[in-house]
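Chemist: Generate coordinates for the sequence data below:
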Amino acid sequence: MQLFNNLTRNLEKLTPEKEDFTLYACGITPYDTTHLGHAFTYTCIDILIRYLEFLSHSVIYVQNVTDVDDDILRRAREVGEDWRALGNQWTSHFIHDMMSLNVLAPAHFPRATDFISEIQEWVRKLLDAGVAYQAEGSVYFHIDSYPEFGKLSRLPRPEMLTIANERGNRPNDPNKRDPLDFVLWQAQASGEPGWESPWGPGRPGWHIECSTMATRLLGEVIDIHVGGSDLAFPHHECEVAQVEPVTQKTPCVRFWMHIAMVHHEGEKMSKSLGNLIMVRDLLEAWSPDSLRLYLGCHHYREIWRHEIEVLERSARLAQVLRSAAAAINGQGSFVDPSPTMNAFHQAMDADLDTPSALSILEHFATQILDASASGKGIGRAQHALRTMGKVFGLQLDTEGPEVRVLSGWQEHLKHFTHTEA
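Modeler: Numbers count the residues shown, from 1 in each chain. As a prediction, this is how the structure comes out:
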């Protein structure tokens, strides 16, 4: 299989460094409901994992929860709720949405606040490496000390500064040596949570959380790191800068996979813009298979916009696939699934070309229905259809999520105090 590596800007053969693939995905900041953009990101990851399993690989998958963050604290103040309770509530909602969409649970679903001591240890290592400095109870990463800063995003400095400022950077912070320097440990502000540290009470910076959890759970070199394309800078750029000076292993991530944004009403779908399409609202009107086909008909690297007409076509395709899976097996000459399976392989091997793979599935389902109507043997073809459907997380014969989806997410749900009625 070949996958586009955003670090090299090339299609490259995807192979694990060791026996199993290691995959880290930037998870949610739980202060609002799951929207279509989230669903696209995590369904794309799910399809990649399922396809790697289809190719007989094992994947160790980690997805984090950014449970302490400026956005959560701000929302908690707005609604007058404890920030921990707020985070647990929306994480629980997210888990239930992922279960409804039949998305596989990660092996590890860590919260940043469970790794405070490990984060502090990593900050100390960055100070020891000479790439960080202390000031007024905070610790900052000094980008001038890391000459390769920018190698992932390849952005000019003015554009870096503009994007960073939009994502919470404080360029006029008097403690900074450079406006692009970013916080590793943030001194505690009045009314905000804090943890004791060698530099005074405070909390982790946004970027250091992912770097620490990823390396602790998956090792110093990770095969695949996935996230939305809007995270390439500053978040992923800063992750690289925080890891490589400590480990001295380059690259710290072998494949960077960035998922494109979903647009609605002419703009990127996001919480801050208030133009969200909620997953729960969609699930009230459409089946999980219909939604997964809708998401899968868009390539993961292509920006797309929400269109109800395309969703309606996906719902019709879901019905065709189900009908083909349930069609009557005849006694005549059988339908050979080999050419279709080969074409499916070729599409998925070509940078996870899910739109082409679904076109192949649609054509094959029509073949099966026509053959069934003619009394031909379709048993092998139906087995192949179900196998390919499982790569897309489709439940062609049953209702509800897979057992392993339910058991995986329910295990994680135990660690969050909020439960749904």
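
Chemist: Do I have it right that Leu23 meets Asp223?
Modeler: Yes: Leu23 is within contact range of Asp223, at 6.5 Å (criterion: C-beta atoms under 8 Å). Bear in mind the C-beta positions are built from the backbone N, C-alpha and C, glycine included.

Chemist: Look up how far Gly200 lies from Phe392.
Modeler: For Phe392, the distance to Gly200 (C-beta to C-beta, to the nearest Å) stands at 50 Å.

Chemist: Between those two, tell me which one has more neighbours.
Modeler: Phe392 (24 against 15; other C-beta atoms under 10 Å).

Chemist: Could you find the closest non-adjacent residue to that one?
Modeler: Take Phe392 and drop its neighbours on the chain: the residue closest to it by C-beta to C-beta, 6 or more residues apart in numbering is Gly296, 5.4 Å away.

Chemist: quick one: that neighbour and Val391 touch, right?
Modeler: No: with contact defined as C-beta under 8 Å, Gly296 does not reach Val391; the gap is 9.5 Å.

Chemist: Between the two, point out the one with more neighbours.
Modeler: Gly296 (26 against 23).

Chemist: which residues are common contacts for Gly296 and Val391?
Modeler: The overlap between the contact sets of Gly296 and Val391 (C-beta atoms under 8 Å, 6 or more residues apart in numbering) consists of 47, 357.

Chemist: Provide a list of residues in contact with the residue nearest to Phe392.
Modeler: Gly296 sits in contact with 43, 47, 354-355, 357-358, 392, where contact means C-beta under 8 Å, 6+ apart.

Chemist: do that again at 6 Å, thanks
Modeler: Counting by C-beta atoms under 6 Å, 6 or more residues apart in numbering, Gly296 makes contact with 354, 358, 392.

Chemist: ok, these vs Arg316, which is closest?
Modeler: Comparing those against Arg316 with C-beta to C-beta places Leu358 closest, at 12.5 Å.

Chemist: so who does that closest one touch?
Modeler: 296-297.

Chemist: Poorly predicted segments of the protein, please.
Modeler: For the chain, applying pLDDT under 70 flags the ranges 271-273, 417-421.

Chemist: And the helices in it?
Modeler: Along the chain, counting by DSSP state H, helices occupy 36-54, 70-79, 83-100, 116-128, 157-166, 206-218, 237-247, 279-285, 288-296, 308-326, 338-349, 354-373, 379-391, 403-413.

Chemist: Any figure for the gap between the nearest residue to Lys13 once chain neighbours are set aside and Glu12?
Modeler: Leaving aside its sequence neighbours, Lys13 sits nearest to Gln2 (C-beta to C-beta, 6+ apart; 5.7 Å). Note on Gln2: its distance to Glu12, by C-beta to C-beta, is 6 Å.

Chemist: and His108, how many residues sit next to it?
Modeler: For His108, the tally of surrounding residues (other C-beta under 10 Å) stands at 16.

Chemist: Which residues does it form beta bridges with?
Modeler: Beta-bridge partners for His108, by DSSP bridges, are Val62.

Chemist: My guess is it contacts Tyr61. True?
Modeler: No: using C-beta atoms under 6 Å as the test, His108 is too far from Tyr61 to be in contact (7.7 Å).

Chemist: out of Leu23 and Asp223, which sits in the busier spot?
Modeler: Leu23 (26 against 21).

Chemist: pretty sure that one contacts Val62?
Modeler: No: if you go by C-beta under 6 Å, Leu23 and Val62 don't touch, sitting 7.2 Å apart.

Chemist: Pretty sure Val183 sits against Trp206.
Modeler: No: if you go by C-beta under 6 Å, Val183 and Trp206 don't touch, sitting 7.8 Å apart.
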